[in-house]
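# Got a predicted model here, sequence first, then my questions.
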Amino acid sequence: MSLGSRLEVARRREADAIRPGSAVQRTGLVPNPGGSHSFIPSASKSKGIIYESAIRAPRRWFHGSQGLPMSLCPLSAAGKSASASVTCRPTFVQLIRGRAPGSPAVSGAAERETAMKTVRRGEDARTAPVPAHRQIACRLLRRKRAAWRRLEAILEDQRQLYNAALEERIGCHRKTGKGLSYFDRCRALTECRRDIPGMAACPVAVQRGTLKRLDEAFRAFFRRVKAGGAPGFPRFRGRRSFDSFSAVSGVRIGGGRLHIPGLGGMAVRRKGGNPYPDGRPLSAVLKRRNDGKRFVTVCHSVQADEPADNGHAVGIDRNAGQVADSDGVIHAMPDMARLEAKCRRLARRVSRRRKGSRRRERARRRLAKARRKAANRRRDWQHHVSRSIAERAGTVVLERLNVRGMTRSAKGTADEPGRNVRQKAGLNRAIAGTGWTAFAAMLEYRAANVVYVPAAYTSQTCHECGAVDAASRGSQAEFICVACGHAANADVNAA
C-alpha cells in the first residue's frame with residue numbers, strides 16, 4: 001500500500017475518532033477568546049487522540065490538562081524497536097496506534113500517549129477564508145537628526161520602564177507571594193503619567209506595549225516551568241539587548257507612511273508594497289539593527305485562505321545542509337563556506353580589539369552584518385523550499401526530532417570529559433545552520449496537513465521491502481539494502 005493510501009486510511013480512522021461521544025469529544029479543550037497570548041487551562045481531563053492545530057486562526061484551542069497550545073503538546077516516542085537485526089517496519093496505521101508488528105497489545109491510554117502528532121486543518125476551514133494575522137517588515141527611511149534622537153530617547157525610556165516594572169514585580173512577589181498582572185501595571189502607569197510629566201510625554205500606546213512585552217515574558221516563563229523545560233526567568237535588559245519597542249494600538253499605515261499616536265507620520269518603504277492593503281493594522285514594532293538601520297514590523301488582521309489538500313503526500317528527511325523528499329528531490333542549501341569563513345575571521349578580529357574602543361565597535365558591526373547576511377540567506381532558502389513542497393503536496397510527513405538534545409554539547413565535565421568534542425561541535429553547527437525547527441514551522445503554516453512520525457530506524461529501513469538493518473547504510477549518502485538489493489540515496493530512501 002502506498003503512503004497516500006495509508007494516509008487515507010488513517011484519516012478515516014481519525015474521522016471516526018472525533019465523532020460525538022469519542023475520546024476527542026470528551027477532552028478538556030477550552031477556546032481562548034483573548035488571542036494568541038492568553039493561556040486558559042480548564043479542568044484536567046483525559047487526553048485526546050488527534051490534536052487539532054489553529055496556527056492561522058486568532059483563536060487557539062488549548063489542552064485542558066496542560067494549558068499548552070495544541071501544536072506544542074509533547075508526546076512520547078513510539079514503542080520499542082524490534083530486537084532482530086532484520087525486521088519489517090510497522091505500517092502507517094500501526095504507527096498511529098503506537099504498535100509495531102508482533103508487539104503485544106497496549107491499553108487505550110498507552111495508545112494515545114504513543115500516537116503520532118498530526119497538525120491538520122478542518123474540512124470546513126478550506127472552503128472559506130478565516131481570520132488570521134500577517135506581519136510585514138518595512139524599512140524606516142532616514143529622518144531628521146532630531147527625529148532620530150527622539151526615537152533613541154523613547155527606546156531608552158522603554159528600557160528603563162521595562163526594568164522598573166520587572167523590579168517591582170519581583171519585589172511584590174517577595175513581600176506578598178503574589179505577582180502583578182498586565183492590567184495592574186496599566187493602572188499604575190495611568191497614575192504615573194498623571195504625577196510624572198516626563199512619562200506623560202511618551203505615547204501611552206508605546207508604554208503599554210512595553211508592559212505587554214514583560215507580561216508575555218512572564219507567561220512564557222510560567223509555561224516553560226509547567227512543561228518541565230528550562231525556566232528562563234525574565235532578565236533586566238541592558239542598552240545593547242533592548243533594541244526595539246512596540247505600539248499596541250492606534251497604528252495606521254498607508255501611502256508609504258506609518259502613523260503611531262504620539263510619534264506622528266514616518267516614511268517607510270517595502271519592496272513590492274503592502275501585500276495586505278485591505279488588512280487592519282493591529283500593532284507595530286520598531287527595531288534598531290546593529291548597523292544603525294531601523295525597521296518596523298506591522299501586524300495585520302486579514303482574511304486568509306486555508307491551504308487545500310490535493311491528496312498527494314510527501315515524506316521529508318532533514319539532514320545537515322540539505323533536505324530530501326520522497327519524490328526524489330534533494331534541496332541543498334546554498335554554498336555558505338566563504339561567508340562562514342568571513343564570520344570566523346571577523347570574530348577573531350573582534351576578540352583582538354580592546355573592549356570599549358571604537359575600533360572594536362566597528363569590527364563588531366562588520367561581524368553582525370556578515371552573520372545577518374548568512375541568516376538571511378538561510379531563511380530565504382527555507383522559505384523557497386517549504387513553499388515549493390507545500391504547493392506540491394497536501395500532506396507533509398516529518399520525523400519527530402529532539403533538535404535541542406541532538407545539538408547538545410559533548411564536552412562533558414572536568415571529572416567526566418566527553419569524547420569527540422570537536423567533531424560533535426561541527427555537527428551541532430551544521431544542524432543549527434540548516435535550521436530544522438524553523439523549516440518545520442514554515443511547513444506547518446503553509447501545508448494543509450503536517451504529520452510527525454517516530455524517527456527511530458527511518459534511516460536504516462528499506463523503502464522497497466521494509467527490512468531494517470544498519471549494514472544497509474554503507475556510507476552517509478548511499479543506501480543498499482542487504483535483503484533485496486535496493487539502492488538509492490540514503491536521504492531519499494529515509495524520506
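Arrived safely, thanks for sending.

# which residue sits closest to residue 463 in space, ignoring its chain neighbours?
Leaving out its chain neighbours, the residue that sits closest to residue 463 by Cβ to Cβ, 6 or more residues apart in numbering is residue 493, at 4.9 Å. Just so you know, the C-beta spots here come from the backbone N, C-alpha and C atoms, and that holds for glycine as well.

# is it true that the one you found touches residue 478?
No. With contacts counted by Cβ atoms under 8 Å, residue 493 stays clear of residue 478, the gap being 9.5 Å.

# More neighbours: those two, which one.
The neighbour comparison of residue 493 against residue 478 (other Cβ atoms under 10 Å) goes to residue 493, with 25 against 13.

# And the helices in the stretch 351-495 of the chain, which stretches?
358-392, 403-406, 421-434, 436-446, 490-494 (DSSP state H, counting those that start in this stretch).

# other SSEs contacting the first one?
It stands for helix 358-392. strand 313-319, strand 330-332, helix 337-352, helix 436-446 (3 or more Cβ pairs under 8 Å, 6 or more residues apart in numbering; DSSP states H and E).

# Mind checking the helices of the stretch 351-495 of the chain for the one nearest to residue 463?
helix 490-494 (4.9 Å; Cβ to Cβ).

# Now find how far off-centre the closest one is within its chain.
Offset of helix 490-494 from its chain centre (Cα atoms, centre = their mean, to the nearest Å): 25 Å.

# Just the buried residues of that helix, please?
Across helix 490-494, burial judged by 16 or more other Cβ atoms under 10 Å covers 490-494.

# do the same with stretch 304-312
So, applying 16+ other Cβ under 10 Å, buried residues of stretch 304-312: 304, 306-307, 309.

# Just put the residues you listed in JSON lines and tack on distance to residue 154 and pLDDT.
Listed next are these as JSON lines, based on distance: Cβ to Cβ, whole Å; pLDDT from 0 to 100:
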{"residue": "304", "distance to residue 154": "33", "pLDDT": "80"}
{"residue": "306", "distance to residue 154": "39", "pLDDT": "79"}
{"residue": "307", "distance to residue 154": "40", "pLDDT": "80"}
{"residue": "309", "distance to residue 154": "47", "pLDDT": "83"}
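
# can you tell me which two in these are farthest apart?
304 and 309 (16.3 Å).

# how near is residue 323 to residue 215?
Remark: distance between residue 323 and residue 215 (Cβ to Cβ, to the nearest Å) = 37 Å.

# number of nearby residues for residue 426?
For residue 426, using other Cβ under 10 Å, the count is 12.

# nope, residue 447 is what I meant
26.

# Repeat that for residue 363.
19.

# Check residue 448 too.
Neighbour number of residue 448 under other Cβ under 10 Å is 20.

# ok, now residue 398?
Residue 398 has 24 nearby residues by other Cβ under 10 Å.

# and if you look at residue 473?
16.

# How about the contacts made by it?
459-460, 479, 490 (Cβ atoms under 8 Å, 6 or more residues apart in numbering).

# and it, backbone torsions?
phi -90, psi 90 (degrees, to the nearest 10).

# What confidence value was assigned to the closest residue to residue 428 other than its chain neighbours?
Nearest non-adjacent residue to residue 428, counting by Cβ to Cβ, 6+ apart: residue 407, 4.4 Å away. With respect to pLDDT, residue 407 scores 85.

# which ones are touching residue 407?
So residue 407 contacts 428, 431-432 (Cβ under 8 Å, 6+ apart).

# Looking at neighbours, which among these is most surrounded?
Busiest of the contacts of residue 407 [other Cβ under 10 Å] is residue 431, holding 19 neighbours.

# So which of the buried residues of stretch 304-312 sit within strands?
residue 304 (DSSP state E).

# In what element of secondary structure is the closest residue to residue 230 other than its chain neighbours found?
Nearest residue to residue 230 in three dimensions, chain neighbours excluded: residue 224, at 6.4 Å (Cβ to Cβ, 6+ apart). Element membership of residue 224 [criterion: DSSP states H and E] is helix 204-227.
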